[in-house]
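[1] Generate a structure from the sequence data that follows.
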Amino acid sequence: MPIRKKMPILRCFLLLCLINCFVISPSSAQDEPPPVKSRAAVLPLAMNQSLKVGGGVTLASLIGESLTESGLYELVKGEALLRNLGEQANIDLGCHEVACLEKMIKLLRLDRIISGELTIVEVEGVVPLYQLKIVSVDSNGKKIEYNGETAGQEDEFLEFLYDRIDELLITPFKPEPKIILTEGDLEIDSRPRAAVVFLDDEMVGKTPLKLAKVKAGEHNVKLSLAGFEEWHKAFHLAGGEKKIIIGELIEELGVINLETEPSGGKVFLNGELMGETPLRLEIPAGGYNLEISRNNYDNHRQKIEVTANAVIEQKITLLYGISDA
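    Numbering: from 1, shown residues only. Next up is the predicted model:
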């Protein structure tokens, strides 16, 4: 066989080898270099009150975390570092002016710098409100201020960042759920003590008295002690309240009008000199030993019962005799 007849086979073989050398495998086509991340820094937010959210995470830290999670930014960390560099360049980290932020961008060789303002407004009796504004400046001097509804300045990342911060800010400003308490505690006492206690017309004990788990609402308490006027009080007991009630009891009094013939007799009640006849006495209700004495007359002795809110009239004729009064 002539050698020229083998040439087509050799040529095909060489052609296949050449093609195989230049074919790019599928795996190598998919291996693309990772995107270059932009350098960014977050300055402390200007705030009119200190506030931590999300278990103590500061707002500046939250913005930094969001930048990192986006995968688009390399975060320049360290507030102390930023502050030192800012002081060296005579730059205030709290500034929001474009010129000031541009200086910081050039100093740190950044692509973007983010700061913001948070204003908390407190109104008495109303849940506090807040206003949030995020400020971004890039290396080209473009400034964006986003407050959640800024028109004409579209930036998907800032919108995402604002929404995330706004979601966490809601929690500190939500009114705490109210726990409605339906019971309270009472402590009832009186002067003097040992008065019978009636709560809403039901006898519940004697003073001093402690009552737990009393239904919240309107109530009436009555204190009763022999020889004293009844004591009443209407009151409101709030849920969870511990109320102390002390009743000052007033003695019940009766009246004795004493006259003697002749007058000038010395009057003793239970051995205590009260005065000379004619005599009017207002004294607590109860029993007493009455004694009247006068020179040259026999002493007069008797028991007397004084009734509350009643008047006793006594006219006594003294018997002439020998007395040491």
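[2] List phi and psi for the nearest residue to Lys213 once chain neighbours are set aside.
    Leaving aside its chain neighbours, Lys213 sits nearest to Glu183 (4.6 Å; criterion: C-beta to C-beta, 6 or more residues apart in numbering). For glycine as for every other residue, the C-beta is placed from the backbone atoms N, C-alpha and C. Phi and psi for Glu183, reported as degrees, to the nearest 10, are phi -140, psi 160.
[3] Ok, Lys142 next?
    Per-residue torsions, Lys142: phi -80, psi 130 (degrees, to the nearest 10).
[4] Near it, how many other residues are there?
    12 (other C-beta atoms under 10 Å).
[5] cool, and Ser139?
    15.
[6] For it, grab phi and psi.
    Phi and psi for Ser139, reported as degrees, to the nearest 10, are phi -70, psi -10.
[7] got a list of what it touches?
    Applying C-beta atoms under 8 Å, 6 or more residues apart in numbering to Ser139 gives the contacts 105-106, 110-112.
[8] swap the cut-off to 10 Å and go again
    By C-beta atoms under 10 Å, 6 or more residues apart in numbering, Ser139 lies in contact with 38-39, 102, 105-106, 109-113.
[9] likewise Tyr320?
    The contact partners of Tyr320, by C-beta under 10 Å, 6+ apart, come to 262, 294, 296-298.
[10] now it: how far from Glu261?
    The gap separating Tyr320 from Glu261 is 11 Å, by C-beta to C-beta, to the nearest Å.
[11] before we move on, what about Tyr73?
    116 Å.
[12] the more surrounded of these two?
    Tyr73 (22 against 11).
[13] low-scoring stretches of this protein, by residue?
    1-35, 44-60, 62, 77-96, 120-130, 146, 148-162, 164-178, 322-325 (pLDDT under 70).
[14] what helix or strand is Ile283 on?
    strand 279-284 (DSSP states H and E).
[15] Could I get the contacting residues of the residue nearest to Arg112 when sequence neighbours are not counted?
    Leaving aside its sequence neighbours, Arg112 sits nearest to Ala40 (C-beta to C-beta, 6+ apart; 4.4 Å). Residues near Ala40 by C-beta under 10 Å, 6+ apart: 63-64, 67-68, 70, 72-76, 105, 108, 110-114, 136, 138.
[16] Quick check: bridge partners of Ala40?
    Beta-bridge partners recorded for Ala40 (DSSP bridges): Leu75, Arg112.
[17] Overlap in contacts, Tyr320 and Glu261.
    Common neighbours of Tyr320 and Glu261 (C-beta under 10 Å, 6+ apart) are Tyr297.
[18] does the closest residue to Leu290 other than its chain neighbours sit in a helix, a strand or a coil?
    Once flanking residues are discounted, Leu290 sits nearest to Ile304: 4.8 Å by C-beta to C-beta, 6+ apart. With DSSP: H, G, I helix; E, B strand; the rest coil as the basis, Ile304 sits in strand.
[19] how about Ile304, what does it touch?
    By C-beta under 10 Å, 6+ apart, the contact set of Ile304 is 254, 256, 258, 269, 283, 286-290, 312, 314.
[20] Check Lys266 too.
    Contact analysis of Lys266 by C-beta under 10 Å, 6+ apart lists 260, 273-277, 279, 291-295, 299, 325.
[21] Sort out which of these are in strands and list them.
    When DSSP state E is applied, these are split such that 260, 273-276, 279, 291-294, 299 fall in strands.
[22] Just the buried subset of those residues, written out for PyMOL, thanks.
    Selecting the buried subset of the ones in strands among the contacts of Lys266 in PyMOL, with 16 or more other C-beta atoms under 10 Å as the burial test, is done by:
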select buried, resi 260+274+279+291+292+293+294+299
